[in-house]
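*Asks:* I need the structure of the sequence given here:
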Amino acid sequence: MASMLPFQTKGFNPYAVKYSPYFDSRIAVASAANYGIVGNGRLWCLGLGPNGIQVEKTFDTNDAQYDLAWSEINENQLLAACGDGSIKLYDVNVNEFPVMNYHEHKRETFSVAWSPVTKDTFASSSWDGTVKIWSPARKESLKTLPVGNCTYSTQYCPSNPHIISAVSTDSQLRIFDLRTPVNAQYHLTSKIPVHLPPPVPFPQGMAPPPAMPSEILTHDWNKYRDTVIATGGVDRVIRTFDIRNPTGGPASIMMGHEYAIRKLAWSPHASDILISASYDMTVRLWTDGSTMAQDGPSPFKPGVQLGIMNRHTEFVTGVDWCLFGEGGWVATVGWDEMVYLWNATSLFSG
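*Replies:* I've put the predicted structure just below:
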């Protein structure tokens, strides 16, 4: 893969990477000293130029950084989710200090996501068992959605600003609809049991994954089929679900990772393609099988691994797609202090 561009985050172990929604030449990385166990965090704003990847700006925090999100309303601003429970809004044109600090979570803030539709709110999830909705202009949150246990990831539906999802330690994918009344469920409209046994019959030649509940670490909405969500976690299996059928089991299953799946992301360029990052030090490219011909009587389709990237030498913790260009550029980060930009289409040939 000659087209792979490297960058080292010296002294800091990355946890997340995101391409700018405005520029194909700008990415940001959230990182932590000492693998996030103790010490500072550093937010890296990186630019891609004729000399490779260069540092445009860094912002240091007193605690680890676990996730980040670019603002959808200001091309120079981005959020960092911190280990002390805070979320900090930085502006690349303002030195050192955050322009806003949001601090209600009682434990580590592990995920942040900016609303892609109305662009006027963002969501955060925490180990304290809550998801919070925020306006960037207010220090106090707009809403708190109780999950009840450590919540690793929250996301907005890509087409509906009122629908928010979350995954957590209890093996459930939760869907919230903010238009529903605030009753005892706090806008919770469905709980999908991710580790429900797969439908029968299972495709010939495939062994079904164990149906034991385990922690879900990551999930993402399909950009083209806005009722489809992919999940991944400790049991090493990627599953897709259609939220219109919350009790119907997975629509697709993808197996191949040898350790926990830490991050996955659907392609913004194709409806069936996703990429995953794992503690097995690999990044893998998949099709969920939705564009393939139906094979046999099984009600769901097994996904297919299209390729593998194994350049990282430690846990791979983050992956993101570039929204622009030919459609294959991704950024990956790992605990080996490395950022790689590369073209995922190079994996199609195996």
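*Asks:* residue contacts, T231?
*Replies:* Applying C-beta atoms under 8 Å, 6 or more residues apart in numbering to T231 gives the contacts V167, L173, V194, I216, T218, H219, I238, R239, T240, F241, L264. To be clear about C-beta, it is placed using only N, CA and C from the backbone, and glycine gets the same treatment.
*Asks:* how about F324, what does it touch?
*Replies:* F324 neighbours (C-beta under 8 Å, 6+ apart): D24.
*Asks:* ok, back up a step: which of the contacts of T231 lies closest to T151?
*Replies:* Nearest to T151, judged by C-beta to C-beta, of those is V167 at 7.4 Å.
*Asks:* do you know the pLDDT at that closest one?
*Replies:* At V167, the model reports a pLDDT of 98.
*Asks:* repeat for M1
*Replies:* Reading off the confidence values, M1 has pLDDT 41.
*Asks:* do K301 as well
*Replies:* Looking at K301, its pLDDT is 79.
*Asks:* does it really touch Q294, like I thought?
*Replies:* Yes - shown here, K301 and Q294 form a contact pair, counting by C-beta atoms under 8 Å, at 7.2 Å.
*Asks:* hmm, back to that, which ones among the contacts of T231 lie within strands?
*Replies:* The strands, defined by DSSP state E, take in V167, L173, I216, T218, H219, I238, R239, T240, F241, L264 from these.
*Asks:* and the helices in the stretch 201-350 of the chain?
*Replies:* Per DSSP state H, counting those that start in this stretch, the stretch 201-350 of the chain carries no helices over any range.
*Asks:* remind me which residues of it are low pLDDT?
*Replies:* Along the stretch 201-350 of the chain, segments meeting pLDDT under 70 span 201-205, 295-299, 349-350.
*Asks:* please redo it, this time with the cut-off set to 80
*Replies:* By pLDDT under 80, the low-scoring segments of the stretch 201-350 of the chain are 201-208, 210-211, 293-301, 326-327, 348-350.
*Asks:* buried set for stretch 265-283?
*Replies:* Buried residues in stretch 265-283, counted by 16 or more other C-beta atoms under 10 Å: 265-269, 272-283.
*Asks:* kindly report the same for stretch 233-246.
*Replies:* Within stretch 233-246, the residues that count as buried by 16+ other C-beta under 10 Å are G233, V234, D235, R236, V237, I238, R239, T240, F241, D242, I243, P246.
*Asks:* need the contact list for the fifth one.
*Replies:* Applying C-beta under 8 Å, 6+ apart to V237 gives the contacts P209, I253, M254, M255, H257, I261.
*Asks:* the first one reaches I238, doesn't it?
*Replies:* No - taking C-beta under 8 Å as the definition, P209 is not a contact partner of I238, at 10.0 Å.
*Asks:* common neighbours of these two, please.
*Replies:* Jointly contacting P209 and I238 under the rule C-beta under 8 Å, 6+ apart are I253, M255.
*Asks:* can you put the ones in strands among the contacts of T231 in JSON lines and add distance to K119?
*Replies:* Below are these laid out as JSON lines (distance: C-beta to C-beta, whole Å):
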{"residue": "V167", "distance to K119": "24"}
{"residue": "L173", "distance to K119": "25"}
{"residue": "I216", "distance to K119": "27"}
{"residue": "T218", "distance to K119": "23"}
{"residue": "H219", "distance to K119": "21"}
{"residue": "I238", "distance to K119": "29"}
{"residue": "R239", "distance to K119": "30"}
{"residue": "T240", "distance to K119": "27"}
{"residue": "F241", "distance to K119": "26"}
{"residue": "L264", "distance to K119": "24"}
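*Asks:* closest to S125 out of those?
*Replies:* Of all the ones in strands among the contacts of T231, S125 sits closest to V167, with 8.8 Å by C-beta to C-beta.
*Asks:* distance of that closest one relative to Y156?
*Replies:* 14 Å (C-beta to C-beta, to the nearest Å).
*Asks:* comparing the two, which residue is more hemmed in?
*Replies:* A count of neighbours by other C-beta atoms under 10 Å puts V167 above the other of V167 and Y156, at 28 against 22.
*Asks:* hmm, C150 and that one touching each other?
*Replies:* No - counting by C-beta under 8 Å, V167 sits too far from C150 to count as a contact (10.2 Å).
*Asks:* count the neighbours of K191 for me.
*Replies:* Using other C-beta under 10 Å, the number of residues around K191 comes to 15.
*Asks:* so it makes contact with D170?
*Replies:* No - in this structure, K191 is not within contact of D170 by C-beta under 8 Å, at 9.1 Å.
*Asks:* between the two, which contacts overlap?
*Replies:* Common contacts of K191 and D170 (C-beta under 8 Å, 6+ apart): none found.
*Asks:* just to revisit the earlier point, mind putting the contacts of V237 into JSON lines with distance to V330?
*Replies:* As requested, the contacts of V237 are exported to JSON lines (distance: C-beta to C-beta, whole Å):
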{"residue": "P209", "distance to V330": "26"}
{"residue": "I253", "distance to V330": "23"}
{"residue": "M254", "distance to V330": "17"}
{"residue": "M255", "distance to V330": "21"}
{"residue": "H257", "distance to V330": "17"}
{"residue": "I261", "distance to V330": "16"}
